[in-house]
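Asks: give me coordinates for this.
(2 chains)
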Amino acid sequence: MTIADGLLLGLQAALQPTILLYCFIGVFLGTLIGVLPGIGALAAISLLLPVTYHMDAATSIVMLAGVYYGAEYGGSTASILLNLPGTPSNAVTCLDGHPMAKQGRAGVALFMTTIASFVGGAIGILALIVFAPYITAIGLEFGPAEYFSMMVLGLVAASTLASGSPAKGLAMVALGLLLGTAGTDVNSGVTRFDFGIPELSDGINLVALAMGLFGIAEVISSITRTRDAKSAEKITLRSMMPNKQDIRASAMPILRGSGVGGFFGALPGTGASIAAFMSYALEKKIAKDPSRFGKGAIEGIAAPEAANNAAVQCAFIPTLTLGIPGSATMAIMLGALIIHGIQPGPMLVVEQPALFWGLIVSFCFGNIMLMVLNIPLIGLWVSILRIPYHVLYPAVLVFISLGVYSVHNNASDILMVGVIGLLGYGMHILRFEAAPLLLGFVLGPLMEENLRRALLMSYGDLSTFVTHPISAWILAASALILLWSLWNVLRRFAQRRAANGI
Amino acid sequence: MKSKDIRDIIGGFALVAIGLFAALHAQRYDIGELQEMGPGYFPIALGILLMILGLFVSIPAFFREGTSIKIEWKSLIWVLISISIFALALTKAGLIVATVLSVIAASIPSKSSWKTRLILAVCIALLTYVVFSFGLGMILPIWPWSH
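Replies: As a prediction, the model looks like this:
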């Protein structure tokens, strides 16, 4: 099937009224939760996951994906107006976006971030269309050894590149993998780590884990944090119009940001946050006058906003074509597909082309809808930012509890989310990151399965992972990332010693 | 102000403890061999890995300074109470009562007045009814007597 055939097929699938409606609901909710600081795409998608049980697979994945990329649009609004990132990947946008708002240029900043998001999203979709068929072709050659190595790469990248301390990140991955083993072992039928509690024989509920670690823990740590809600001023369409110089200064950063974002998005284990951070660092490095950054430089908002949207779209490449999620949010999305009886991977693209291409075409429609939602309707989101947190969070707690309950209609799952929330708050206090844990949790069963199968096929010979050339290259890349992060740790240690004058 | 990095010391040792527990607990499952792994192999290997990583986290922390830990006890306890109330009350007393009680408990750590708390609780109860029961068609007990 050529790309043109695929797009035509996708257009037919995506133009159905129900798909368009759920695409709109997805991007609308995505923008909403993106605008609200403290609720990210991950929590929103896990909250909506039980809702999608009653829907068919294509509609639910179109909606959940819409939440994911819609959140990247909405996230910059709070960054610019309140100096609070709407989602973690919009954190860098605060650096120059909020100074622009203080200079009375909030409208221009909101306009340019939307344009940057749109261009980044479009380039990301283009990359997805162009590269996905190739990666699918490679994926068809993958055996268990290659899958195992690919997951190692994803987990190593997620744990070392994303967090400050590689040891803590790796430990969270290991803990996630371990939690993933709880429940019935598919190979032997033995129930592991159930401690005699019948609810645990199906394993830990993914929705409860995600909501506890991200939703509950975030609520507990945010209640007493006061917010500066006054600064959310009214934005008129007139004040949003950028001048010629703004457009000229943003054009190249948007393109560079899209490139950086696409790369980090497609790489398993790294996602929108790293992409946004890296593109900001790149712009600062190549700028003629780096001192302008942090004081309202328009490049500083255009590049990362393009990068995080390109990253979000390209994150679908490994998830759909290989079945390996690149980030914790994508891991939830993968879980959603599996719940609907769809196993992502190369066979998905080959056997269900209407679903695959329909999803891609829905991204195009979704991004166009987001342009409309974020430029003419910006006033709506600004007024939502005025809702105080103490009104919001009790509702969030009730919604989390009901969302978790609806998975199995089981009230003890709500208690489980409380216990996991306690664990999540403990991790928050001790500064352990939850995202690598969640990624490990989802990949755990897949990883164990492929490890066992690879070793069964090689008669217990561990060298199977390096004698398969693709697997060897992937493992070499993982080793390189590990060595690089180790080198960084040692360098920081040496610098600290030098600074202390020892 | 020469305190050790207490976060990573506690966190690292907690990881060692979890790893040790997992590795010991998984002994009861068949370990198998490399060629044919039993259900115990992967968890035991992960438990050992977790212990090693825990040491990597905690040992360097003895040699550097850290900041003190601040725990929002009030928020933590009331949020957990709110969730527990909801879990226990939902099937017994129905959605409306569970939501009202849970919202009131959750709003105690914030600076709202009792009047706001009550209004908020009623509004959220109505909202959850409209969204989940009416809008999404979820089968939920609404009132204490609707069984």
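Asks: any part of the helix or strand residue A:379 falls within near chain B?
Replies: Here residue A:379, judged by DSSP states H and E, is contained in helix A:378-384. No - Helix A:378-384 stays out of contact with chain B when judged by C-beta under 8 Å from any C-beta of the partner chain, the minimum separation being 15.0 Å. For glycine as for every other residue, the C-beta is placed from the backbone atoms N, C-alpha and C.
Asks: that helix: which residues count as buried?
Replies: When neighbours are counted by 16 or more other C-beta atoms under 10 Å in any protein chain shown, the buried residues of helix A:378-384 are found to be A:378, A:381-382, A:384.
Asks: next helix or strand past that helix?
Replies: From helix A:378-384 onward toward the C-terminus, using DSSP H and E, the following helix or strand is helix A:389-408.
Asks: please name every helix or strand in contact with that next one.
Replies: For helix A:389-408, the elements it packs on are helix A:41-48, helix A:206-210, helix A:217-222, helix A:412-429, helix B:73-107, helix B:114-128, judged by 3 or more C-beta pairs under 8 Å, 6 or more residues apart in numbering or on different chains; DSSP states H and E.
Asks: can you give me the buried ones in stretch A:315-326?
Replies: Neighbour-count burial for stretch A:315-326 flags A:315-326 (criterion: 16+ other C-beta under 10 Å).
Asks: so how far is the first residue of that stretch from its last?
Replies: When the termini of stretch A:315-326 are compared using C-alpha to C-alpha, to the nearest Å, they are 6 Å apart.
Asks: ok, and what's touching it?
Replies: Residues from elsewhere that reach stretch A:315-326 (C-beta atoms under 8 Å, 6 or more residues apart in numbering or on different chains): A:65, A:127-128, A:131-132, A:135-136, A:139, A:142, A:147, A:150-151, A:154, A:265-272, A:327, A:329-331, A:333-334, A:343-346, A:348-349, A:356, A:359, A:439, A:442-443, A:446.
Asks: what subset of those residues is also close to chain B?
Replies: Those of the contacts of stretch A:315-326 which are also neighbours of chain B - as judged by C-beta under 8 Å from any C-beta - do not exist.
Asks: just the buried residues of the residues you listed.
Replies: Buried by 16+ other C-beta under 10 Å: A:65, A:127-128, A:132, A:135-136, A:139, A:142, A:147, A:150-151, A:154, A:265-272, A:327, A:329-331, A:333-334, A:344-346, A:348-349, A:356, A:359, A:439, A:442-443, A:446, out of the contacts of stretch A:315-326.
Asks: residue of chain B nearest chain A, please.
Replies: Here chain B gets closest to chain A at one residue, residue B:35, 3.1 Å apart by C-beta to the nearest C-beta.
Asks: residues contacting that residue?
Replies: Listed by C-beta under 8 Å, 6+ apart, the contact set of residue B:35 reads A:455-456, A:459-460.
Asks: what's the ChimeraX line that selects buried ones from those residues?
Replies: When burial is assessed using 16+ other C-beta under 10 Å, the buried subset of the contacts of residue B:35 is captured in ChimeraX by this command:
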select /A:455
